[in-house]
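Chemist: got a sequence here, can you build the structure:
(one chain, ligands or ions: 1)
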Amino acid sequence: MKVAIIGTGYVGLVTGTCLAESGNDVVCVDNNPKKITVLQQGGIPIYEPGLQELVARNARDGRLTFTTDLAAAVRAAQLVFIAVGTPQSDEGDADLTAVFAVADAIGEALKDVPPGPPGTRVVVTKSTVPVGTNAQVAERLGAKGCSHVDVASNPEFLKEGAAIEDFMKPDRVVVGARRPEAAEVLRELYAPFLRTERPFLVMTPESAEMTKYAANAMLATKISFINEMANLCDRLGADINDVRKGIGHDQRIGFQFLFPGPGYGGSCFPKDVEAIIAMGRRTDLPLELMRAVDAVNDAQKRVLFEKIRAHYGDELAGKTLALWGLAFKPRTDDIREAPALTLIDALLEAGAQVRVHDPEATANVRAIYGDKLHYADRPYGALEGADGLVVVTEWAEFRNPDFEVMKRLLAQRVIFDGRNVYDPRMLRQFGFTYYGIGRGARA
Ligand code: UDX
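Modeler: Numbering: from 1, shown residues only. Coordinates of the predicted model:
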């Protein structure tokens, strides 16, 4: 199939590349000429494991091309995906400026193209958009004389760091369409990825839009739930890691997304929870649970700092803390809404020195903090002379370090384990003072 993807951000680039990999003829469009030049020269503007190689192979084989010419790409395509950003507006809503600008440009490009039977041309919204947006996109296309063009919603559930795997083997594909022909085109497009009997679910555009928010709201709720339980464990002397196992074996509960930590970050959960609260506000529904999920997470982003402050007391000013992990989660260089940033701000404000290491995200952090921090190329480099280590992101390389080496490098043997990656008992045997999240600190 001939596919145009508008927007070469995270979702657009992964979608375009994976669709090319399955044999489609894909053109990726962006209005940023610098991004397009980088892509045309074989580079990629983001870090995602495996993506560079996949882009290079498909570009070499001619199935994947890049352009700034939206009109030409759209006219040549049967399927046009809108995958531009929907940042948070001041009111907490998703800002749809880019989505609507692209919808208008698509309408403009297609207005003189003779209409075909249903399904001839389908505009697919992949960006996460509030319920009702697909209907507005359809209206805008209609206003340009393109009411024959189908509009479908196809939300994306991929996780950063595992995006290609998630796209290639989705748990499900969700499509919202008014006319069955549009859904059928997408069923054909996704068939190669659904060979393992994963479902292709067709519903209305409104339900598809809502599905995306409900999925992320549920996951964010699980995280805030376990974080709240962990904080209570800290106060009562229980160990959340045992409690987690104790509840997870109940199949109605399960183990996934119940790992306590320094709060969720990233480009999706914080924004989508705000957006769902805004949808409630617009419809006079208070959405108390969502507001609590959000508030618990805001507070959780301070938990590591509170533990650090409680440990060093008034002497925190002048102390040096080493941070391992800055990205909002492992296997990405993304620092959007990362708990590490909240912690760095609080430490600097308290007068502490901060030494940091992250396998991929250092450049992005340096762009914000410049020479206010010390940047170490290696994990152990961050520890030299530090009064304590804070593990903020659970990169695999932090899981099994040489604790003897760490003891030599650190000025004080204190570990704040923000992801519960270490065994508290073992660390105490090594002579460390250990703080986890919900590991019964006051027991
Ligand atoms: C998420 C959704 O998982 C994905 O389906 C959606 O399309 C986009 O949003 P992503 O933001 O890439 O994906 O990351 P994810 O792995 O879901 O983690 C989000 C945040 O939650 C991270 O900060 C992570 O550290 C945190 N988290 C996750 C926890 O604190 N505990 C957990 O048990 C799981």
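
Chemist: and the strands in the chain?
Modeler: 2-6, 25-29, 64-67, 79-82, 122-125, 150-153, 173-177, 200-203, 320-324, 353-357, 374-375, 388-391, 414-417, 433-435 (DSSP state E).

Chemist: any idea of the mean pLDDT for the first one?
Modeler: In this model, strand 2-6 carries a mean pLDDT of 98.

Chemist: contact partners of that strand?
Modeler: Applying C-beta atoms under 8 Å, 6 or more residues apart in numbering, the contact partners of strand 2-6 are 12-13, 15-16, 19, 24-30, 70, 73-74, 76-84, 102, 106, 189. The C-beta positions use only the backbone N, C-alpha and C, and glycine is treated the same way.

Chemist: buried only: go through those for me.
Modeler: Among the contacts of strand 2-6, those scoring as buried are 12-13, 15-16, 19, 24-30, 70, 73-74, 77-84, 102, 106, 189 (criterion: 16 or more other C-beta atoms under 10 Å).

Chemist: could you list the residues of the stretch 151-300 of the chain in contact with the ligand?
Modeler: Applying C-beta under 6 Å from any ligand atom, we find that the stretch 151-300 of the chain lies next to the ligand at 156-160, 216, 219, 223, 257-259, 261, 264-266, 268-269.

Chemist: now, of those residues, which are buried?
Modeler: 156-158, 160, 216, 219, 223, 258-259, 261, 264-266, 268-269.

Chemist: quick one: least confident of those residues?
Modeler: Among those, Glu160 has the lowest pLDDT, at 91.

Chemist: and that one, what does it touch?
Modeler: Tyr10, Glu48, Gly266, Ser267, Lys329, Arg331, Thr332, Asp334.

Chemist: recalculate using a threshold of 7 Å.
Modeler: Tyr10, Glu48, Gly266, Thr332, Asp334 (C-beta atoms under 7 Å, 6 or more residues apart in numbering).

Chemist: test my guess that the last one contacts Ala327.
Modeler: Yes. The pair formed by Asp334 and Ala327 meets the contact definition of C-beta atoms under 7 Å, at 5.8 Å.

Chemist: settle it for me: which of the two has more neighbours?
Modeler: More crowded of Asp334 and Ala327, by other C-beta atoms under 10 Å: Ala327, with 28 against 22.

Chemist: how close does the more buried one sit to Glu397?
Modeler: 13 Å (C-beta to C-beta, to the nearest Å).

Chemist: how about Phe255?
Modeler: 23 Å.

Chemist: among those two, which residue is more densely surrounded?
Modeler: Legend: neighbour count by other C-beta under 10 Å for Phe255 and Glu397, higher for Glu397 (14 against 11).

Chemist: with adjacent residues omitted, what lies nearest to Asp93?
Modeler: Ala278 (4.4 Å; C-beta to C-beta, 6 or more residues apart in numbering).

Chemist: now do the contacts for that neighbour.
Modeler: By C-beta under 7 Å, 6+ apart, the neighbours of Ala278 are Glu91, Gly92, Asp93.

Chemist: rerun that using 8 Å as the cut-off
Modeler: By C-beta under 8 Å, 6+ apart, the neighbours of Ala278 are Glu91, Gly92, Asp93, Pro130.

Chemist: now do it against Lys271, distance only.
Modeler: Distance from Ala278 to Lys271, by C-beta to C-beta: 10 Å.

Chemist: over to Ala376?
Modeler: Taken as C-beta to C-beta, the span from Ala376 to Lys271 is 31 Å.

Chemist: ditto for Arg252
Modeler: 29 Å.

Chemist: more crowded one of these two?
Modeler: Lys271 (21 against 5).

Chemist: from memory that one sits against Ala94, does it?
Modeler: Yes. Contact criterion C-beta atoms under 8 Å: Lys271 and Ala94 qualify, at 7.3 Å.

Chemist: now for these two: what residues contact both?
Modeler: Pro87, Gln88, Thr128.

Chemist: write a ChimeraX command that selects only the buried members of the residues you listed.
Modeler: ChimeraX command restricting the shared contacts of Lys271 and Ala94 to the buried ones, with burial defined by 16+ other C-beta under 10 Å:
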select :88,128
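
Chemist: closest to the ligand out of the shared contacts of Lys271 and Ala94?
Modeler: Thr128 (7.7 Å; C-beta to the nearest ligand atom).

Chemist: where in the stretch 301-443 of the chain is pLDDT low?
Modeler: 441-443 (pLDDT under 70).

Chemist: okay, the strands of the chain in a markdown table with distance to Ala340 next?
Modeler: Output for the strands of the chain, formatted as a markdown table (distance: least, C-beta to C-beta, whole Å):
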| stretch | distance to Ala340 |
| --- | --- |
| strand 2-6 | 31 |
| strand 25-29 | 31 |
| strand 64-67 | 32 |
| strand 79-82 | 32 |
| strand 122-125 | 32 |
| strand 150-153 | 34 |
| strand 173-177 | 32 |
| strand 200-203 | 36 |
| strand 320-324 | 6 |
| strand 353-357 | 8 |
| strand 374-375 | 13 |
| strand 388-391 | 9 |
| strand 414-417 | 12 |
| strand 433-435 | 17 |
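
Chemist: please identify which of those strands is closest to Lys144.
Modeler: Closest of the strands of the chain to Lys144 is strand 122-125, at 11.5 Å (criterion: C-beta to C-beta).

Chemist: coming back round to it: ok, the contacts of Glu160 vs the ligand, which is closest?
Modeler: Closest to the ligand, out of all of the contacts of Glu160 and judged by C-beta to the nearest ligand atom, is Gly266, at 3.4 Å.

Chemist: surely the closest one touches Ala327?
Modeler: No. With contact defined as C-beta under 8 Å, Gly266 and Ala327 do not form a contacting pair (9.2 Å).

Chemist: any shared contact partners between those two?
Modeler: Asp334, Ala338.

Chemist: farthest pair within the contacts of Glu160?
Modeler: With C-beta to C-beta as the measure, no two of the contacts of Glu160 lie farther apart than Glu48 and Gly266, at 13.4 Å.

Chemist: distance of Leu343 relative to the ligand?
Modeler: Using C-beta to the nearest ligand atom, to the nearest Å, Leu343 is found at 13 Å from the ligand.

Chemist: next one, pLDDT for the residue of the chain most remote from its centre please.
Modeler: Distance from the C-alpha centroid of the chain, by C-alpha atoms, centre = their mean, peaks at Pro114 (39.5 Å). pLDDT, Pro114: 91.

Chemist: then Ala56?
Modeler: For Ala56, the model assigns a pLDDT of 95.

Chemist: for the closest residue to Phe328 other than its chain neighbours, phi and psi?
Modeler: Counting by C-beta to C-beta, 6+ apart, Phe328 lies nearest to Gly265, which is 3.4 Å off, once chain neighbours are set aside. The phi and psi torsions at Gly265 (degrees, to the nearest 10) take the values phi -130, psi -150.
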